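A.B. asks: got a structure for you, letters missing:
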């Protein structure tokens, strides 16, 4: 493993250090790294060092990491700017590994929706799987519990782990708007304080799904059959119950009820557990609706991986 503390300077000097962390306490390793970064900048140096230190990999700008990976044919391939977890996963014990990105959501359906759309996002931005960030999406509970969890957990994980709350769209369009209208400054203050770490899906998960399915029921049914390997799946009768004219809380309640019926139907047809069916349903939705929501998910996710 190698890392650089600065970009190559024009006409500058290079210093190479082997096993920078040898005999140093982890806190001392970080202090030495920061000292070398300061010196490299002040003296126009490029410092290249090899390391197997998880501490250093978690502390340095990922764009400076060069992971040397041995290929099956014996060739050594440099992976420049890889995310820390890719390198750590090859040198660290299980207990030392952490994801690059932690996203906190409201429930398991929001988790599965975001997972499916994140996969589309990652496939587009990171066609090389070695360059992908490791992401964990965790359902926490109601939106206020998600925000409270983010605030409490923000200082628990290392700085290199990006932590964001990703809330359903109705929190922004309905709840926050209502708080602002009623001048509920006490509740708004926490959102304002954490605004850089609170993001929103472009839709409320079940509503986004049902609005798409209701407008494309034949195509969606075909894709769902293909995904599940069962040509007896029939969703038209279920989807017809969805009231496309409803708004607000009535719309959300209707969408959740019909989504639950869809899941129950596919579970019965395929004899698969609810978790598998949810993943398949969300996967078909993300595949079909990616072009429609691409720009919004790019705006949501791309800043996390820069």
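C.D. replies: It's in. Note that the structure is predicted; figures quoted are calculated from it, not measured.
A.B. asks: what residues are up against the most centrally placed residue in the chain?
C.D. replies: The centre of the chain sits closest to residue 135, judged by CA atoms, centre = their mean, with a distance of 4.7 Å. Counting by CB atoms under 8 Å, 6 or more residues apart in numbering, residue 135 touches 99-103, 118, 122. Yep, even glycine has a C-beta here, placed from its N, CA and C like the rest.
A.B. asks: what does residue 275 give?
C.D. replies: Contacts of residue 275 (CB under 8 Å, 6+ apart): residue 108.
A.B. asks: in the helix or strand harbouring it, what's buried?
C.D. replies: Secondary structure assigned from DSSP states H and E places residue 275 in helix 274-301. Residues of helix 274-301 classed as buried: 277-286, 288-290, 293, 297, 300-301 (neighbour count, 16 or more other CB atoms under 10 Å).
A.B. asks: can you check stretch 69-80 too?
C.D. replies: Buried residues in stretch 69-80 (16+ other CB under 10 Å): residue 79.
A.B. asks: From one end of it to the other, what's the distance?
C.D. replies: 11 Å (CA to CA, to the nearest Å).
A.B. asks: Do you have the strands of the chain handy? List them.
C.D. replies: Counting by DSSP state E, the chain has these strands, from start to end: 2-4, 13-17, 45-50, 65-70, 76-80, 101-105, 135-139, 162-167, 198-200.
A.B. asks: out of these, which comes closest to residue 230?
C.D. replies: For residue 230, the closest of these is strand 135-139, at 27.3 Å, according to CB to CB.
A.B. asks: Can you give the distance of the closest one from its chain's centre?
C.D. replies: 7 Å (CA atoms, centre = their mean, to the nearest Å).
A.B. asks: One more: stretch 248-266?
C.D. replies: 25 Å.
A.B. asks: Buried residues of it, list them for me.
C.D. replies: Under 16+ other CB under 10 Å, the buried positions of stretch 248-266 are 251-252, 254-256, 258-259, 261-263, 265-266.
A.B. asks: cool, stretch 25-43 as well?
C.D. replies: Buried-residue list, stretch 25-43, by 16+ other CB under 10 Å: 29-30, 32-33, 36-37, 40.
A.B. asks: Give me the distance between the closest residue to residue 249 other than its chain neighbours and residue 122.
C.D. replies: Spatial nearest neighbour of residue 249, excluding adjacent residues (CB to CB, 6 or more residues apart in numbering): residue 174 at 7.8 Å. Per CB to CB, to the nearest Å, residue 174 is found 30 Å from residue 122.
A.B. asks: So the chain: which segments form each domain?
C.D. replies: 2-96, 103-201+296-305, 205-292 (automatic domain parsing).
A.B. asks: In contact with the closest residue to residue 229 other than its chain neighbours, which residues?
C.D. replies: Nearest residue to residue 229, sequence neighbours excluded (CB to CB, 6+ apart): residue 270, at 7.7 Å. Residues near residue 270 by CB under 8 Å, 6+ apart: 228-230, 233, 277.
A.B. asks: ranking the residues you listed by neighbours, who comes first?
C.D. replies: Neighbour tally across the contacts of residue 270 (other CB atoms under 10 Å): the maximum, 22 neighbours, falls on residue 277.
A.B. asks: which residue ranges form the helices in the stretch 1-150 of the chain?
C.D. replies: 26-43, 54-59, 84-91, 108-125, 143-153 (DSSP state H, counting those that start in this stretch).
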